[in-house]
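A.B. asks: Whatever this is, show me its structure:
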Amino acid sequence: MSESDIVRRVAGLHDAIGGSLDQFGGHLRCESCGFGYPMRPGMAGRFTAKGWPRCCGHTMRWWTQRQIDAGEMPDASV
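C.D. replies: This next block holds a predicted model:
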């Protein structure tokens, strides 16, 4: 299999993974300073392809909506 064949086969992989992850919703938050924002549709695919956002020198933590609803996210007033 050539390199171009491989590139073609994986071209939509990040979007497919992101589409699966979008269903979890939730919130991204910096564990150091508390800065955060809601996960919107399409963000997971973009982050999977380009890298997860960073703040204060660390990767931001993703809290899913299920975790937030269960009270697992500290100070869940988002």
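
A.B. asks: check contacts around Ala16.
C.D. replies: Gly45 (C-beta atoms under 8 Å, 6 or more residues apart in numbering). In this view, the C-beta of every residue, glycine as well, is placed from N, C-alpha and C.

A.B. asks: Which pLDDT value goes with it?
C.D. replies: For Ala16, the pLDDT comes out at 80.

A.B. asks: What distance do you get for it to Gln67?
C.D. replies: Separation of Ala16 from Gln67 (C-beta to C-beta, to the nearest Å): 23 Å.

A.B. asks: go on, Trp52?
C.D. replies: On the measure of C-beta to C-beta, Trp52 and Gln67 end up 16 Å apart.

A.B. asks: mind listing the helices for this structure?
C.D. replies: Assigned by DSSP state H, the helices in the chain fall at 3-10, 13-22, 43-50, 65-69.

A.B. asks: Out of the ones you listed, which one sits most buried?
C.D. replies: helix 43-50 (a mean of 17; mean count of other C-beta atoms under 10 Å).

A.B. asks: So what's the model's average confidence on it?
C.D. replies: 86.

A.B. asks: excluding its backbone neighbours, what's nearest Cys56?
C.D. replies: Closest residue to Cys56 apart from its sequence neighbours, by C-beta to C-beta, 6 or more residues apart in numbering: Ser32 at 3.8 Å.

A.B. asks: show me what contacts the one you found?
C.D. replies: Ser32 neighbours (C-beta under 8 Å, 6+ apart): 55-58.

A.B. asks: Just the buried subset of the residues you listed, please.
C.D. replies: Cys55 (16 or more other C-beta atoms under 10 Å).

A.B. asks: ok, back up a step: per-residue confidence at the residue nearest to Cys56?
C.D. replies: Predicted confidence (pLDDT) for Ser32: 93.

A.B. asks: Next: Gln65.
C.D. replies: Predicted confidence (pLDDT) for Gln65: 93.

A.B. asks: could you list every residue that touches the nearest residue to it once chain neighbours are set aside?
C.D. replies: Distances taken as C-beta to C-beta, 6+ apart place Gly25 nearest to Gln65, at 4.0 Å, with adjacent residues excluded. By C-beta under 8 Å, 6+ apart, the contact list for Gly25 reads 38-39, 64-65.
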